[in-house]
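>>> Sequence and computational prediction follow.
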Amino acid sequence: MSAFAEESSYTLEFYAIKVNGQDMGVGQMLYSNLGGYFARAEDFESWGLNQANSIPISFRNEGYYPLGDVRGAKVNFDKANQALLLEFDSLAFRPTTFTSQTESLLPSPPETGGYVNYDLFGTNGSSPFLNQTRLNGQFEAGVFNRLGTGFSSFSGQNLYNNSRDANARLIRLETNWIRDFAEEKQSLRFGDNTGRSGVWGRPVKYGGFQFGTNFATQPGFVTVPLPKFSGEASLPSTAEVYLNGFRQSSQVLTPGPFLLNNIPFIMGSGEARLVVRDMMGRDQIITQPFYITPAMLRPGIDDYTIEMGFIRNNFGIDNATYGRPMAIGTQRKGFSDKLTAEWRAEALLDQQTAGISATYIPPIPIALTAAVAVSNSARGSGDFLLLGLDRQAFKGVNFGLRSQFASNHFTQIGSGLLGQSKQYSATLGFPSKMGSFGFGYVYMRNVNPLRSEFLTASYSKMMGRKVSLGLSATTSLSGSPNTMMNLFLAYPLDNGMSASSNFSSQQHGKVNGSVQIQKNIPVGIGPQLGFRTLAGGGQGQREEAGVTLRTDYGAYALDAGRMPGQTSYRISANGSVSFMDGKFFFSKRLYDSFSVAQVSGYPDVPVYLNGQLAARTDSHGYAILPGLMSYQKNRISINTDDLPLDAQIERTEVAVVPRYHSGVSLKFSVELTIGALVKLVAENGEPLPNGTLLIIEGISEEFQVALQGEAYLTGINKKNRVKATWNNQSCDMEVNLPENPGPLPHIGPIVCKGIQP
């Protein structure tokens, strides 16, 4: 309900409005000598204020609420500027929330194509007893279309072998079809898969289907809980976020309560500090510790997988040996910023296993993990327990403790029946002024009486600005005493080269050492060379040398090595053949997605991927870019410096989001705009009048005759029909370009029959 105002007692006035120092532009206010100032509900909305809890006044069919009823309201009138200066308590404003939600990237429309990756390895080894030459390889063939992506991988063994006892074999490794649902962050896979492990499970290879969450289809989606900052700003302010002392981001705050949950994050523990500075220069500082680990999910986030199929046996040995049917269900869920839980169930025809686990972040920056599972099989029932504690710090001490126990009859997919087993592990690492130290301990004991127990230590340090030092040692606390030590030094040289040395010592005084100099292949296009040389002494005496050539079509390497009594050579090649847009393309090996860019008819045009030169167009104007990242924004652009000056380009940069292991076709349209200076005269030889209108058939742009009957026409073809109009007179003419027009051809004089100056 609202009370009706007597119009004689109220006036409608316009003022420049400022709310808590923030300029809100010009607004209309209702004023009464008795009630003061009133504002409409839409004004409260635009100012970010909670609407006054009072009965509105109806004036000219609009509701107005008294400003005096708002918490902490102060109204001052600036007569000189005709402005109302309004101040309210910070709690009178609606809370402002900045969340960590990121833009959802929709993938580019699906296209049709395919590719083949190849890796070939040829070796020759000779010794006094044997001279053997063989050729092996690995291959991957993929196709993609609107239904998804499919690929199959193979291992080629003994494709060539001069030994009569070796037969050539092509072994299928994996074959599957993948359909991603990017908006839902889900994937469906048919064929050969590697199962999900979870906290206590084991991955297993099987043939069947897998359906579940796939956050990789939205890489910007934040799954982990982030630090939250809440507070109040009385005036317009700026909030700056610092993580471990480093400035990460800045955010503008309007007056009122605020909640920041969009902070750039780093994994591990540390301290987050928020500095809120208002327009008067006053600061308020909010500090809180944080611990971010990928083991946690934000509240309400689900991560699940359903898997069904047949366990695969003899992977890499046989093409298709599938065994027992299986079914697995796994789900993780974030219940709070501090608690994430997981359940998992596994089933075979004669075996069932189920368990739960939880990860909890207590008030101190560590992660506690616990898991329990039970199983049932023909051998009986069994149980499993896992306890873990981890701390990963951006700076400071890192440590981890983990223990697990399985009873005699506990069994799970991927491990079979192990019998009673115990495992304990501990890690410790910390940086210091002297360098970084790390220690580890592992104890394992299964059903057999033998146990394995190891102690490791490591040390690393940057010496100066270039040289890096690494030292590690491992000793066995079970069985025969055995201690291994390793020393590694690396130091960069000029021209992209680096040197490294490695020394190791084992039981019984076996000492090995080596020194290597190498030059890595630089980033770029065209032929690029790299090389390495190595000399080893001690028990591992050997000499090695190799050279690598990388081109736009693949990488090729030649290596030679010599050991006492044996000399060997190896040659390798890898690359890719792609099919798209009805054409085949040869390129470097494809590891994820790719794009085919076309600048039709223009060869040798530079094409850039995310600002880096990635390719040049071939003789037909095509270029293949093999380095795209699926489901991420990839910027592809061309350099127009090598195009004609009269070329018109609709766009020079495009952002594409390719699908998993798929290609994207991209066309940069280039049109030549040929211009010519044309002289037009009447039948009597006089120039056509200044301002005569010219219309070219097929071109929407209009032109005019300038002084001396001359007109500059652009976008014309070899033959053009032109209509001239002046003072209700007109004529039609044909304007033709010469055979070799040059940069600015001069045409004419052309006679216009129908216009008399």
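Ah, there it is. Quick caveat, the model's predicted, so the values are computed rather than measured.

>>> Going by C-alpha atoms from here, please, whenever you check contacts or count neighbours.
Noted.

>>> How many residues are close by the closest residue to residue 45 other than its chain neighbours?
Counting by Cα to Cα, 6 or more residues apart in numbering, residue 45 lies nearest to residue 51, which is 7.7 Å off, once chain neighbours are set aside. Residue 51: 21 surrounding residues under other Cα atoms under 10 Å.

>>> mind listing what residue 51 touches?
41, 44-45, 70 (Cα atoms under 8 Å, 6 or more residues apart in numbering).

>>> next one: residue 179
147-149, 187-189 are the contacts of residue 179 under Cα under 8 Å, 6+ apart.

>>> Ok, residue 225 next?
292, 296-299, 337.

>>> on that earlier part again, so can I have TSV of the contacts of residue 179 showing neighbour count, pLDDT and secondary structure?
Formatted as TSV, these follow (neighbours: other Cα atoms under 10 Å; pLDDT from 0 to 100; DSSP: H, G, I helix; E, B strand; the rest coil):
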residue	neighbour count	pLDDT	secondary structure
147	13	94	coil
148	21	94	strand
149	23	95	strand
187	19	96	strand
188	18	96	strand
189	20	96	strand
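
>>> about what we covered before: how near is the residue nearest to residue 45 to residue 97?
Here the criterion is Cα to Cα, to the nearest Å. By it, residue 51 lies 18 Å from residue 97.

>>> same deal with residue 193?
42 Å.

>>> of the two, who's got more company?
Legend: neighbour count by other Cα under 10 Å for residue 193 and residue 97, higher for residue 193 (23 against 15).

>>> Tell me the secondary structure of the more buried one, please.
Per DSSP: H, G, I helix; E, B strand; the rest coil, the local secondary structure of residue 193 is strand.

>>> follow-up on the earlier one: now for the contacts of residue 225: which two are most distant?
Pairwise distances across those (Cα to Cα) peak at 13.9 Å, for the pair 292 and 299.

>>> quick one: which of those two has more around it?
Set residue 292 next to residue 299 and count neighbours by other Cα under 10 Å: residue 292 wins out with 25 against 17.

>>> thought the more buried one was touching residue 226?
Yes - judged on Cα atoms under 8 Å, residue 292 makes contact with residue 226 at a distance of 7.1 Å.

>>> which regions of the stretch 201-350 of the chain lie under the pLDDT threshold?
245, 262, 264-265 (pLDDT under 70).

>>> ditto for the stretch 501-650 of the chain
In the stretch 501-650 of the chain, residues with pLDDT under 70: 507-509, 642, 644-648.

>>> Buried by neighbour count: which residues of the helix or strand containing residue 327 qualify?
Here residue 327, judged by DSSP states H and E, is contained in strand 321-334. Neighbour counts over strand 321-334 (16 or more other Cα atoms under 10 Å) mark 322, 325-334 as buried.

>>> picking up where we left off before, in helices only, show me the contacts of residue 51.
Residues of these located in helices (DSSP state H): 41, 44-45.

>>> Which members of those residues are classed as buried?
By 16+ other Cα under 10 Å, these give 41, 44 as buried.

>>> Tabulate the ones in helices among the contacts of residue 51 (a markdown table), appending distance to residue 599 and pLDDT.
Conversion of those to a markdown table gives the following (distance: Cα to Cα, whole Å; pLDDT from 0 to 100):
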| residue | distance to residue 599 | pLDDT |
| --- | --- | --- |
| 41 | 56 | 83 |
| 44 | 54 | 85 |
| 45 | 51 | 81 |
